[in-house]
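Participant: quick one, what's the 3D model for this:
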Amino acid sequence: MTYRKCILFWAGVCIGLSAMAQSPVYFTGYGRALVGKSLYDKKSNFVKDDTTSKKQSLDGNFVFDLGVNVKTSDQFKANAILRFYNAFGNFFGSGSVMEFRQVQIQTVLAKKVLFELGDLDMGLTKYTLYNNNEPTSSEFEAEPFKIRRDIVHYENFNNGNKWRLQGAQASSNINFNKGIQKISLTAMGARTIASDYLTTPDRLFFGGQARVKQSKYFEIGGNVASLADIAGTVRDTLVSYDNTVLSGDFKASYTTRTLNFGVYGETGRSFYDFSKTATKERVKKFDGYMDVNASVAHRYVPFSFNIGYRLVGPDFTSPGAQTMRVLDYQNPILLPTGGSPAGTIMDRQSMTFDRMSDLNVYNRSLSAVLMTFNPVYNNATPYGVATPNRQGVSTDLKYGNKDSLVYVNVHAELLSEVLGVGLSDKRRFTLIQPGVTVNLNQLYGGKRMLALSGAMRYEDTKGSNATGIDFTSTMIDGSLTVETLKGLDITGGLKMLQASGKELLAVRDDFNRIASYTLVEPNVEQMVYAAGIRYRFTKYIYLAANAFMLENLNKSNTVENYKMNQYFFSYIMRF
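Facilitator: Reported below is the predicted structural model:
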């Protein structure tokens, strides 16, 4: 009865607002229906001796997000997204869930300042507030993988590289007639941890940016990102945390008849202060970074090249830029347990497929401590370019675009540690990421898509003979898309990951200090094969059926080896 009243209420509100000439209302929406059947190969070591864990599952859900947008004038706009959710197997509304997914209010103050309040996407620079991409994702990966990843990104509000936070944001542009073109100002704030009114205080994020654009050839900016506990929000404060990052950046460009040259960079410093009342410990530290890049691009040929150098200090701390998007060691939801020959129930370790399909392994909150990472997926830059204790050179080369006959994108980094903390030498990291797409239909002038893509991510970590650090990982992506009839695609692909060697991972305490090292010696192979069919009604509406074949091999512990198949049906629509 309650949810029926809610539906009637919202229907009345929408109809009433739509009827008001002075309050135009428009609707946006997202809907999907998913059904998936997953099952282990019964001969897999991980489940063959297990008599308690389930070997297969059939589940799915129906989701409809109705966005109600109200624009009463040029100075005011509001929107709310109401979610209707029903798990697979429930009928006639049984088990339905209704909730607000998003609420935003937007107004213009004094016709100059845009003020936003509610659930907002916030971001600054790669060193201050930035949500780094998941390292196993690739712009060249197969369409079945992209379908699964897009669903996860939508659910976790991964809109580009911004963080979804609940707070307020204000921005304004001041235009000039002479000397400079404009000054842009942005300020933002959000609460990341709510007080329990006893010992945990409110933790707030504050940030801002000021940019001066002199012309299309030169601009400078300043940034601030601060994460701090608010004193007085609890009776007995056990901890007090304050971390602030200040930075400055610039962009300069020069154009000739055929070439565009550019130089851009950023430098900054972090100030960390954390104390514990019970132990009377307090740690204060500060460190900095610098990042300088130069680029050249042809004006008429789709070719560009960039080279950069960066140095990030070992104590540089920036939660807004160093927090990981994916929890590397989070147990997945899909068929989560198996058993050993001794009868012990074991948790299934997540693999590349879970990182593109499981909501449970994604992180939505900023972390004050560097999160534990798995070197199998990323050892060189687990926290993005803001990874502390790194220095070295990076390059990017691009040719073409995704719609041209050939599109090539190659990224490479040669890095080392700034300080060999706890070790006799500095690690050296090599990262190479080439990728290519060939639109074969353009060879014969075909209008229907025939695209072949491939990519690789190769990482190599080296230390001295004394430490014995020698770790390598390789990930390969392959993709094929064939449009047989208009809008009807046959898709297929693979994602393979191999990692082996020896590495020492830092274990950090609450003060973000390295307390010890843990020796890890992975020797794993992960394979995901996919094949499917998709019909595109429009650019934003499609129906797809995909089959995934998974294989996980742990050569150090063969009990964890398994094969799994999943058959996944999805209907997605946006309007």
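Participant: which stretches of the stretch 51-200 of the chain form helices?
Facilitator: Using DSSP state H, counting those that start in this stretch, the helices of the stretch 51-200 of the chain run over 143-155.
Participant: below-threshold pLDDT in it: ranges please.
Facilitator: 90-94, 198-199 (pLDDT under 70).
Participant: ok, the stretch 401-550 of the chain next?
Facilitator: 421-424, 466.
Participant: and with 80 instead?
Facilitator: The model of the stretch 401-550 of the chain has pLDDT under 80 over residues 421-425, 464-467.
Participant: Gly532 and Arg457: what is the separation?
Facilitator: 23 Å (CB to CB, to the nearest Å). (Glycine included, C-beta is placed from N, CA and C.)
Participant: nope, Lys162 is what I meant
Facilitator: In terms of CB to CB, Lys162 sits 24 Å off from Arg457.
Participant: neighbour-wise, which of those two wins?
Facilitator: Relative neighbour count places Arg457 above the other of Lys162 and Arg457, with 21 against 16, counting by other CB atoms under 10 Å.
Participant: give the contact list for the more buried one.
Facilitator: 135-136, 138, 431-433, 473-475 (CB atoms under 8 Å, 6 or more residues apart in numbering).
Participant: what helix or strand is Leu311 located in?
Facilitator: strand 303-312 (DSSP states H and E).
Participant: beta partners for Ser516?
Facilitator: Val507 (DSSP bridges).
Participant: so that it lines up with my notes, have the first residue be 548 from now on.
Facilitator: That works, and once the first residue is 548, the last one we named lands at Ser1063.
Participant: I'd say it and Leu1052 touch.
Facilitator: No. When contacts are counted by CB atoms under 8 Å, Ser1063 is not listed as touching Leu1052 (9.7 Å).
Participant: between those two, point out the one with more neighbours.
Facilitator: Leu1052 (17 against 11).
Participant: now do the contacts for that one.
Facilitator: 919-920, 922, 1064-1065, 1067.
Participant: got those residues as CSV, with neighbour count and secondary structure columns?
Facilitator: Shown next, in CSV, are these (neighbours: other CB atoms under 10 Å; DSSP: H, G, I helix; E, B strand; the rest coil):
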residue, neighbour count, secondary structure
Thr919, 15, coil
Phe920, 21, coil
Pro922, 20, coil
Tyr1064, 15, strand
Thr1065, 10, strand
Val1067, 15, strand
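Participant: from those, which two are the most distant?
Facilitator: Phe920 and Tyr1064 (13.9 Å; CB to CB).
Participant: distance of the residue nearest the centre of the chain relative to Pro879?
Facilitator: In the chain, the centroid-proximal residue (CA atoms, centre = their mean) is Asn680; its distance is 3.9 Å. Computed as CB to CB, the Asn680 to Pro879 distance reads 20 Å.
Participant: go on, Tyr573?
Facilitator: Taken as CB to CB, the span from Tyr573 to Pro879 is 39 Å.
Participant: of those two, which one has the most company?
Facilitator: Legend: neighbour count by other CB under 10 Å for Tyr573 and Pro879, higher for Pro879 (19 against 11).
Participant: thinking again about what came up before, for the strand holding Leu858, what is the distance to the chain centroid?
Facilitator: For strand 850-859, the gap between its own C-alpha mean and the chain's C-alpha mean amounts to 22 Å (CA atoms, centre = their mean, to the nearest Å).
Participant: reformat the contacts of Leu1052 as TSV; add distance to Phe1116.
Facilitator: Formatted as TSV, those follow (distance: CB to CB, whole Å):
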residue	distance to Phe1116
Thr919	35
Phe920	34
Pro922	35
Tyr1064	46
Thr1065	42
Val1067	38
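Participant: residue contacts, the nearest residue to Ala933 once chain neighbours are set aside?
Facilitator: Spatially, and ignoring its direct neighbours in sequence, Ala933 is nearest to Ala868 (4.1 Å; CB to CB, 6 or more residues apart in numbering). Contacts of Ala868 were listed using CB under 8 Å, 6+ apart, and they are 672-677, 679, 772, 792, 930-931, 933.
Participant: what does Glu828 give?
Facilitator: Counting by CB under 8 Å, 6+ apart, Glu828 has contacts 822, 1058.
Participant: so how far is Arg1060 from it?
Facilitator: Taken as CB to CB, the span from Glu828 to Arg1060 is 11 Å.
Participant: Asp1007 too?
Facilitator: 28 Å.
Participant: what do you get for Asn720?
Facilitator: 43 Å.
Participant: number of nearby residues for Gly860?
Facilitator: 20.
Participant: Val759 now?
Facilitator: 17.
Participant: helices and strands around the helix or strand in which it is found, which ones?
Facilitator: Taking DSSP H and E as the criterion, Val759 maps to strand 750-762. Packing partners of strand 750-762 (3 or more CB pairs under 8 Å, 6 or more residues apart in numbering; DSSP states H and E): strand 729-740, strand 765-776.
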